[in-house]
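**Student:** no FASTA, just this:
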């Protein structure tokens with residue numbers, strides 16, 4: 001019994017330390033984004049931006065550039081919104097309601113945060129480049145809306161795929177393929193935005209930071225919603241009422 005208590009206490013300490021580390025890491029990211037936002041308000045290009053842009057220029061017009069640009073082009077405001085909505089609707093049709101809500105919160109919540117920061121910082125585009133926007137939202141350069149949107153959407157889908165792989169190990173190959181697609185979109189959308197001349201590298205970094213800060217919050221929301229759903233589902237089962245949605249296909253955390 002004493003050994004079990006020691007193990008339990010050790011696990012509790014480990015979880016507490018991990019949570020503190022995660023909170024400190026999140027706070028550090030928030031402070032970094034805040035500092036970058038303040039500086040970007042008055043500085044159109046950070047040190048190092050020009051060097052990175054110059055190093056990418058030889059890729060313009062090459063076959064590799066098309067591969068790099070695709071995640072950016074596929075997530076222009078209208079097609080990007082359509083893609084996100086299509087994924088959410090697909091999850092609903094699969095009766096994965098909580099996953100659909102979590103995806104919507106992660107994606108469009110990140111978009112909202114990005115639009116607010118973008119308007120407040122109001123950094124001009126490189127060479128006053130003209131870009132597509134929805135109603136003029138996110139028309140400035142900092143942070144990159146494409147990067148924040150794509151990272152939030154595919155980052156949350158990657159998170160769901162991890163849960164799916166745990167629930168269905170036999171789907172390992174298909175899940176790995178899906179995860180590779182998610183990584184492809186997340187990793188290359190930032191390079192594509194710089195290569196297209198729509199953003200400074202520091203705008204891209206800020207876009208990744210926005211998503212990195214909002215994704216953990218969306219995942220926490222997902223877990224809270226899942227716990228509420230399980231309690232709600234159990235209560236209805238005990239009263240003889242069966243909800244319309246089915247938990248059988250839901251990936252478990």
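**Tutor:** Perfect, thanks for sending it. Source: prediction; values computed, not measured.
**Student:** any buried residues in stretch 120-130, and which?
**Tutor:** Across stretch 120-130, burial judged by 16 or more other CB atoms under 10 Å covers 121, 123, 125, 126. In this view, the C-beta of every residue, glycine as well, is placed from N, C-alpha and C.
**Student:** between the residues you listed, which is nearest residue 53?
**Tutor:** Of all the buried residues of stretch 120-130, residue 126 has the smallest distance to residue 53: 7.7 Å, by CB to CB.
**Student:** the closest one contacts residue 140, doesn't it?
**Tutor:** No - if you go by CB atoms under 8 Å, residue 126 and residue 140 don't touch, sitting 11.5 Å apart.
**Student:** pipe the buried residues of stretch 120-130 into CSV and attach secondary structure per row.
**Tutor:** Listed next are the buried residues of stretch 120-130 as CSV, based on DSSP: H, G, I helix; E, B strand; the rest coil:
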residue, secondary structure
121, helix
123, coil
125, coil
126, helix
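**Student:** skipping adjacent residues, who's closest to the residue nearest the centre of the chain in space?
**Tutor:** The C-alpha lying nearest the average C-alpha coordinate of the chain belongs to residue 152 (CA atoms, centre = their mean; 1.5 Å). Spatial nearest neighbour of residue 152, chain neighbours left out: residue 110 (3.6 Å); criterion: CB to CB, 6 or more residues apart in numbering.
**Student:** over to residue 67?
**Tutor:** Per CB to CB, 6+ apart, closest to residue 67 is residue 188, 7.5 Å.
**Student:** what's the neighbour count on the one you found?
**Tutor:** For residue 188, the neighbour count with other CB atoms under 10 Å is 18.
**Student:** that one should be in a helix, yeah?
**Tutor:** Yes - Residue 188 forms part of a helix when assessed by three-state DSSP.
**Student:** surely it touches residue 66?
**Tutor:** No - with contact defined as CB under 8 Å, residue 188 does not count as touching residue 66 (11.1 Å).
**Student:** can you give me how far stretch 31-38 is from the chain middle?
**Tutor:** 19 Å (CA atoms, centre = their mean, to the nearest Å).
**Student:** buried sites along it?
**Tutor:** Of the residues in stretch 31-38, those buried (16+ other CB under 10 Å) are 33, 36, 37.
**Student:** what's next to that stretch, contact-wise?
**Tutor:** Around stretch 31-38, the neighbours that count as contacts under CB atoms under 8 Å, 6 or more residues apart in numbering are 117, 120, 121, 142, 143, 202, 205, 206, 209, 210, 213.
**Student:** ChimeraX command for the buried members of those residues?
**Tutor:** Remark: buried members of those, expressed as a ChimeraX selection using 16+ other CB under 10 Å:
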select :117,121,142,143,202,205,206,209,210,213
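**Student:** just the closest of the contacts of stretch 31-38 to residue 164, please.
**Tutor:** The closest of these to residue 164 turns out to be residue 213 (CB to CB; 24.7 Å).
**Student:** mind listing what that closest one touches?
**Tutor:** 26, 29, 30, 33, 113.
**Student:** tell me which two of those residues sit farthest apart.
**Tutor:** 26 and 113 (13.8 Å).
**Student:** compare those two (neighbour count), which wins?
**Tutor:** residue 113 (19 against 14).
**Student:** one step back: what's the closest of the contacts of residue 213 to residue 95?
**Tutor:** For the contacts of residue 213, the nearest to residue 95 is residue 113 (29.4 Å; CB to CB).
**Student:** so for the host helix or strand of residue 180, mean pLDDT?
**Tutor:** Assessed by DSSP states H and E, residue 180 sits inside helix 172-195. The average pLDDT for helix 172-195 rounds to 95.
**Student:** which residues sit against that helix?
**Tutor:** 52-53, 56, 59-60, 65, 67-75, 144, 146-147, 150-151, 154-155, 157-158, 161, 164-165, 168, 199-201, 203-205, 207-208.
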